[in-house]
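Trainee: sequence first, predicted coordinates after that:
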Amino acid sequence: MTCKEVEKTIPLFLKDDLDTDDLREFLEHIEQCGECREELSIQFLVRVGLSRLEAGNVFDLKNELDYRMDEAEHVLWMRENMQRLLYLLEGLVALVSAVLIILLFVLT
């Protein structure tokens, strides 16, 4: 993902509206690019921070953004593991189907 793509993706990240592949690429880029990480901090402050301040709530931008990033990494990990499990189950179903077909021909 390029810096321009990441900048366009930040609002989707803040809304938790990225698919697995986009989330993976976004997190990898943010981890390596200080400029995009700073842009994420700015947009987070503008979108989340100002609404919190208007409501009179105090918050810690750094800790909340770090928490959101950690949470996104956890979500990505869960999605990828669920996808692996799905592939494994599909493989098992195919294997069981093949064994049943072979048994059907052998027994008839």
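Mentor: Perfect, I can see it now.
Trainee: low pLDDT regions in the protein?
Mentor: By pLDDT under 70, the low-scoring segments of the chain are 57.
Trainee: what are the ranges of the helices in it?
Mentor: Secondary structure of the chain by DSSP state H: the helices cover 3-14, 20-32, 34-44, 50-54, 61-107.
Trainee: want to throw those into JSON lines with mean neighbour count?
Mentor: Every residue, glycine included, has its C-beta placed from N, CA and C. As requested, the helices of the chain are exported to JSON lines (neighbours: other Cβ atoms under 10 Å):
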{"stretch": "helix 3-14", "mean neighbour count": "15"}
{"stretch": "helix 20-32", "mean neighbour count": "16"}
{"stretch": "helix 34-44", "mean neighbour count": "15"}
{"stretch": "helix 50-54", "mean neighbour count": "11"}
{"stretch": "helix 61-107", "mean neighbour count": "11"}
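Trainee: wait, doesn't Q83 sit right on D19?
Mentor: No. Contact criterion Cβ atoms under 8 Å: Q83 and D19 do not qualify, at 11.3 Å.
Trainee: overlap in contacts of those two?
Mentor: Counting by Cβ atoms under 8 Å, 6 or more residues apart in numbering, Q83 and D19 have no shared contacts at all.
Trainee: any idea how far L95 lies from V46?
Mentor: 52 Å (Cβ to Cβ, to the nearest Å).
Trainee: give me every residue that touches Q83.
Mentor: Applying Cβ under 8 Å, 6+ apart to Q83 gives the contacts T20.
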